[in-house]
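heads up, no residue letters with this:
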């Protein structure tokens, strides 16, 4: 066997190092359709792989998707945007679109939409378009959008001899509360479950006619009578009526896992959980969200695709726009909806989101204004901070550790500061023409 | 000017030894070899430690949201620390964690090391088993402890129930969330100290104990006057590394309580992470990290000063 001299070893190591460095630093070749998306399960990954094949078939170029688990997606996206290594198109959760848009991380799409006669923005639900806009400009194109609905355990209601609720007419809050109390047997069976977080509370706040922030977003509106009524109603379900499963841990509390136990009658959640609820070993369905003083107007949320500001004008931007159109086309959203992931943002792809559950059509009826109603999720350009602040103090009201008035009194001054910072950011973005 | 060499002694006759300037120590072959050996580590230190510290210093003087061009902020980010209640609460939580977890971890590590040093059979098996928590990923351990702490069905409360104690809702309790994190952290990290102490114990010359026995020393006195002084370098090392590690506590708090309830378990590193990467306020996050850095440097320097009186080295 030949002996490797020390010099030879060093030379080979050096070459190997260079090779590795070259291999690591080279991204996909120019002309590749790169896009970024979150993916937390094998089933989800399969959908995005099918998207990739569809893109390659439609555009005739190689598709490279960067898939990241949803919890780490924003951090990875931030680092890619800052380092200039972001994909041509990136998926964004609707709540973060103003955050990215206001900071100039993504570009407005209005010029591209205007210059493209083939692109029909009207085929997207109004709420999806609203969620994808900031400061009067379109920053993203939606791929899913849906209102929060109420899931219910049909078997449980039948067993208790309670008539099934209307498939189209939302019940009143009072009726809902009575039902949940009727269906609760302490330690054994519960009437209702939802997440102890602002994301679920806002639906009740909107239904009561309130909001997290005032209309001009200059101050917190959580202390207004409408919002207070909604907060007190939900907290009473947890603390006073005790119709919810006991909270074991604020971090891992999951309304879906509570519902899937089979001993919870109603669960507040979105149609994006239909794909998971299909694994339930009992019969279930969905109905519109209970109506408060303002009717049934729960949170409507969605996700979209956007183009980072770092994408260069010319061939790169052309490819990015074509890719974004393909990823949000009826064909692609059909794949998404057929897999049961969520309701597609395009009206023309709606028929692909099929039962079970039997009443799944109510989702599109709500979005189209034919039944009940919905309220686009109003967020600020510093929504992470607002959510973080609310996440510190509000969950304690669910535990009965703090009363709703005390929590809101403590939160309001800090929320007001965040609202003023939000308005400053909007002003800066406007000055930048962003 | 010509110089006559007639009456001068031939150069070759009795040469006067020329005084050569000594090679500086840093240029000697030995020193160069040493530098070559430490170069990889030095490069790593400069790139991954010193570089980021300097960068944090620069960023702390800027307003920077990651995406737009940074603007000059001067000392404004440091001035923001004063009236920020979350910063002080996070600092308080971190101090609480450190003050309780470090002594507890050292105590448990020391007791187990003393136990393992009693010439037990199959000591390697016990040592490996006790080292397992330290070798396990914190994320995995944190998830297991979440289950242990479940109020009604969790193992911790079940065990307390055997003694008639109604255990609290650990991770959602204002009072018990931090002690719960501390308990888990002590369990997770005692293995490191135990191994260091065990190595220290095995290096203590046996003749010291034999001399003690001849003088009729009790086991307690032997521990106090022989074991602990001889173990003081190891003890000092474990204290310093544990304090630094405790000030940087992050993952277990993020996974088990996400900083709650309220801000009861929000640690300084968690707050820095949120400020920088969730709120996109890089300048303020850098200012906070420099303050944390300063705290750690001051406390470590204090420990080094203090150790001169208490730590006994062989020489």
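Thanks, I have it. Keep in mind it's a predicted model, so treat the numbers as computed, not measured. Numbering: from 1, shown residues only, chains lettered A, B, ... in the order given.

near chain A, which residues of chain B show up?
B:65-68, B:146, B:149-152, B:169, B:171-172, B:174, B:255-263, B:266, B:274, B:277-280 (Cβ under 8 Å from any Cβ of the partner chain). No exception for glycine: its C-beta is placed from N, CA and C like everyone else's.

now, those that are in helices?
Residues of the residues of chain B next to chain A located in helices (DSSP state H): B:146, B:255, B:256.

picking that back up, buried ones only from the residues of chain B next to chain A, please, as a PyMOL command.
Listed next is the PyMOL selection for buried residues among these, using 16 or more other Cβ atoms under 10 Å in any protein chain shown:
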select buried, chain B and resi 65+66+67+68+146+149+150+151+169+171+172+255+256+257+258+259+260+261+262+263+266+274+277+278+279+280
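
rewinding a little: and which of the ones in helices among the residues of chain B next to chain A is nearest chain A?
Nearest to chain A among those is residue B:146, at 5.8 Å by Cβ to the nearest Cβ.

returning to that earlier point: save the ones in helices among the residues of chain B next to chain A as a markdown table, and put in pLDDT and distance to residue A:99 too.
A markdown table is the format used below for these (pLDDT from 0 to 100; distance: Cβ to Cβ, whole Å):
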| residue | pLDDT | distance to residue A:99 |
| --- | --- | --- |
| B:146 | 94 | 30 |
| B:255 | 93 | 24 |
| B:256 | 94 | 27 |
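
show me the contacts for the closest residue to residue B:266 other than its chain neighbours.
Leaving aside its sequence neighbours, residue B:266 sits nearest to residue B:259 (Cβ to Cβ, 6 or more residues apart in numbering or on different chains; 3.6 Å). Going by Cβ atoms under 8 Å, 6 or more residues apart in numbering or on different chains, residue B:259 touches A:392, B:253, B:265, B:266, B:267, B:270, B:271.

at 6 Å what do you get?
Residues counted as contacts of residue B:259 (Cβ atoms under 6 Å, 6 or more residues apart in numbering or on different chains) are B:265, B:266, B:270.

how would you label the last one: helix, strand or coil?
Per DSSP: H, G, I helix; E, B strand; the rest coil, the local secondary structure of residue B:270 is helix.

so how many other residues sit close to it?
Using other Cβ atoms under 10 Å in any protein chain shown, residue B:270 has 22 neighbouring residues.

need the next SSE after the helix or strand where residue B:161 lies, C-terminal direction.
For residue B:161, the host element (DSSP states H and E) is helix B:155-162. Where DSSP H and E defines the elements, the next helix or strand beyond helix B:155-162 is helix B:177-202.

angle of that next one against helix B:155-162?
If you take axes from the mean of the first three to the mean of the last three Cα atoms, to 10 degrees, helix B:177-202 sits at 90 degrees to helix B:155-162.

who are the packing partners of helix B:177-202?
helix B:85-116, helix B:123-135, helix B:228-247 (3 or more Cβ pairs under 6 Å, 6 or more residues apart in numbering or on different chains; DSSP states H and E).

pull the number of nearby residues for residue B:132.
Here the count is done by other Cβ under 10 Å, and residue B:132 has 9 residues near it.

and residue A:358, by the same measure?
Other residues near residue A:358 come to 13 when the count uses other Cβ under 10 Å.

looking at the helices and strands packed on helix B:177-202, spot the one closest to residue A:38.
helix B:85-116 (28.2 Å; Cβ to Cβ).

can you check what angle separates that closest one from helix B:123-135?
Relative orientation of helix B:85-116 versus helix B:123-135 (the same axes, to 10 degrees): 170 degrees.

how about the residues of chain A by chain B?
A:75, A:78, A:82, A:103-105, A:248-251, A:384-385, A:392-393, A:396, A:399 (Cβ under 6 Å from any Cβ of the partner chain).

among those residues, who's most crowded?
Highest neighbour count within those, by other Cβ under 10 Å: residue A:105, with 27 neighbours.

report the contact partners of the residue lying closest to it once chain neighbours are set aside.
The shortest distance from residue A:105 to any non-neighbouring residue, by Cβ to Cβ, 6+ apart, is to residue B:67 (4.2 Å). If a contact means Cβ under 6 Å, 6+ apart, then residue B:67 has A:103, A:104, A:105 as its contacts.

straight-line length of stretch B:54-70, end to end?
With Cα to Cα, to the nearest Å as the measure, stretch B:54-70 spans 17 Å from end to end.

same question for stretch B:266-279.
Taking Cα to Cα, the first and last residues of stretch B:266-279 lie 16 Å apart.

quick one: least confident helix or strand in chain A?
Lowest by mean pLDDT, DSSP states H and E among the helices and strands of chain A is helix A:6-25, with a mean of 58.

got any ranges where the chain has weak pLDDT?
Using chain A here. The model of chain A has pLDDT under 70 over residues A:1-26, A:433-434.

let's do chain B instead
By pLDDT under 70, the low-scoring segments of chain B are B:1-23, B:25-26, B:314-315.

repeat the analysis, applying 90 as the threshold.
For chain B, the stretches flagged by pLDDT under 90 are B:1-31, B:65-69, B:118-128, B:151-153, B:172, B:174, B:217, B:260-263, B:278-279, B:306-315.

next secondary structure after the strand or helix carrying residue A:228?
In this assignment (DSSP H and E), residue A:228 forms part of helix A:225-239. Remark: after helix A:225-239, the chain's next helix or strand is helix A:255-260, criterion DSSP H and E.
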